[in-house]
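Asks: The following block contains a protein sequence and its predicted model.
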Amino acid sequence: MMDNPQDRRRVVVTGIGLVSPVGIGTEETWAAIQRGQSGVERITLFDPTDYSCQIAAEVKDFKPEDFIDRKDIKKTSRFIQFAIAATAMAMKQAGLQMANEDPDRVGVYVGSGIGGFEVIEREHQRLLTGGPSRVSPFFITAAIVNLAAGQIAIRHGARGPNLAPATACTTGAHGIGEAYRIIQRGEADVMISGGSEAAVTPLSIAGFSAMRALSTRNDDPARASRPWDLGRDGFVTGEGAGILVLEEYSHARQRGAAILAEVVGYAANADAFHTNAPPEDGHGVQRVMELALADARLVPHQISYLNAHATSTPLGDRAEAHVIHKVFGDRVHDLLVSSTKSITGHLLGGAGSLEAGLTVLALRDQIAPPMTNLENVDTACAFKIVTKIPTPLAMEYVMSNSFGFGGTNAAIIFRNAAE
């Protein structure tokens, strides 16, 4: 939290860009979420026959040439292409024209958990089969994590703060939260923020499979991602990007932008416990949610809807459920909860920002989005879970949770722009 709340500048969301396994576009994705339309299918980006996990939530029919000049496509990896596309969507919705902005006051905070894995795998194979002369001169700049933020800044002439979080599955949430802080501190007026991931690759799927982290429900892909269901057996890898345009409130009002929501709370911390498992009591997650509430100067019962991190892993889902009860206490039954990962799969570094975007859309439309595949609810969950169909709900404040390998956590709270 900032030392003097009176010095805070208000920060609002004016644009959302989503590239997801259920839609290339913000409204397309949101409509599919409300339908409960699964994005999980058998992997097509490579032959998964020899893999224990043969399913993923891929972005379907993505054409980079719709967003990038053909001559530049070879200079970018898939995660960068997703980020560029989602940024174009977010800026269009925000009505943000860089010609009318001070470029030194517009920044980018967009990261990735893994970066250009498919480029690394491809160029390594070229090195092995053809020697060093066969490696592309674009290899490094297509693969490294910060080039999504770099390419966005170059394309739009954004000369403000340029950073790239790489905090595993919390990346997208950290991108938004830290961009929020930059605007609050007065270091920028506009921040393009979020995360992007494209990790449906042979090495990535093999690595997660070796950890026994992935679902192996290969015969029923659409029902494989099942947070809080007793039959869950691991997460489903997804890909895509979520980008939010954040602005200082008076800046957005002055240029006549439509305000979708206000960011009012954010916190980040660490479990300091294990590389890839939460503590059973979820103490780090509990603390980050409480810190976000304190940052927003709210009490728990003021939160109407929570988009949970719940990935469909036995340990992680149960720990988060335990914490939800601890944070909300005897008011937990007033809270609606869902995990949209049941529909989109887990976008890793893009998950936090995709879900933050969906949470803002829920607030905008006053509809809590559903989750699917919940047939036998884990006894750890005694709160109200939105299942099968969207639920109309009067909402003033909503929260989105994100947690990642290494025990890194984040929580973001949004306020209804109409309030």
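Replies: Received the coordinates, thanks.
Asks: Point out where the protein drops to low pLDDT.
Replies: Along the chain, segments meeting pLDDT under 70 span 1-7, 419.
Asks: repeat that with 90
Replies: 1-8, 276-282, 382, 388, 417-419 (pLDDT under 90).
Asks: In the record's domain split, what are the boundaries for it?
Replies: Under the assignment automatic domain parsing, the domains of the chain span 9-254, 263-416.
Asks: In TSV, list those along with mean neighbour count.
Replies: C-betas here are computed from N, CA, C, even on glycine. Below are the domains of the chain laid out as TSV (neighbours: other CB atoms under 10 Å):
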stretch	mean neighbour count
domain 9-254	21
domain 263-416	22
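Asks: now the residue nearest to Thr167 when sequence neighbours are not counted: how far from Val285?
Replies: Once flanking residues are discounted, Thr167 sits nearest to Thr408: 4.7 Å by CB to CB, 6 or more residues apart in numbering. According to CB to CB, to the nearest Å, Thr408 stands 11 Å off from Val285.
Asks: which neighbours do these two share?
Replies: Common contacts of Thr408 and Val285, defined by CB atoms under 8 Å, 6 or more residues apart in numbering, comprise Asp271.
Asks: And Val108, which helix or strand is it part of?
Replies: In the assignment (DSSP states H and E), Val108 maps to strand 106-111.
Asks: Then Lys92?
Replies: helix 78-94.
Asks: if we can go back for a sec, which residues does the residue nearest to Thr167 contact?
Replies: 167-168, 170, 174, 268, 270-271.
Asks: Quickly check those for the two that are furthest apart.
Replies: His174 and Asp271 (15.0 Å; CB to CB).
Asks: about what we covered before: would you mind giving the contacts of Thr408 as JSON lines with distance to Ala351 and secondary structure added?
Replies: Below are these laid out as JSON lines (distance: CB to CB, whole Å; DSSP: H, G, I helix; E, B strand; the rest coil):
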{"residue": "Thr167", "distance to Ala351": "11", "secondary structure": "coil"}
{"residue": "Ala168", "distance to Ala351": "10", "secondary structure": "helix"}
{"residue": "Thr170", "distance to Ala351": "8", "secondary structure": "helix"}
{"residue": "His174", "distance to Ala351": "11", "secondary structure": "helix"}
{"residue": "Ala268", "distance to Ala351": "15", "secondary structure": "strand"}
{"residue": "Ala270", "distance to Ala351": "18", "secondary structure": "strand"}
{"residue": "Asp271", "distance to Ala351": "17", "secondary structure": "coil"}
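Asks: Show me what Val190 bridges to in the sheet.
Replies: Beta-bridge pairing for Val190 (DSSP bridges): Val106, Glu247.
Asks: I'd like the distance between it and Ile183.
Replies: Counting by CB to CB, the gap from Val190 to Ile183 is 8 Å.
Asks: do the same with Thr141
Replies: In terms of CB to CB, Thr141 sits 28 Å off from Ile183.
Asks: Pull the contacting residues for Gly186.
Replies: Arg9 are the contacts of Gly186 under CB under 8 Å, 6+ apart.
Asks: how much space between it and Gly160?
Replies: Distance from Gly186 to Gly160, by CB to CB: 12 Å.
Asks: Same question for Asn409.
Replies: Distance from Asn409 to Gly160, by CB to CB: 27 Å.
Asks: do Leu246 as well
Replies: Distance, Leu246 to Gly160, by CB to CB: 12 Å.
Asks: list residues touching both of these two?
Replies: Counting by CB under 8 Å, 6+ apart, the shared contacts of Leu246 and Gly160 are 190-191.
Asks: host element of Trp30?
Replies: When elements are assigned from DSSP H and E, Trp30 belongs to helix 26-35.
Asks: Need the CA coordinates for that helix. CSV is fine.
Replies: Taking Å, rounded to 0.1, in the frame of the first residue of the first chain, the C-alpha atoms of helix 26-35 are listed here in CSV:
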residue,chain,number,x,y,z
THR,A,26,-12.9,-9.4,-26.2
GLU,A,27,-16.7,-9.7,-26.8
GLU,A,28,-16.2,-13.0,-28.6
THR,A,29,-14.4,-14.4,-25.6
TRP,A,30,-16.9,-13.0,-23.1
ALA,A,31,-19.9,-14.5,-25.0
ALA,A,32,-18.2,-17.9,-25.1
ILE,A,33,-17.5,-17.7,-21.4
GLN,A,34,-21.2,-17.0,-20.7
ARG,A,35,-22.2,-20.0,-22.9
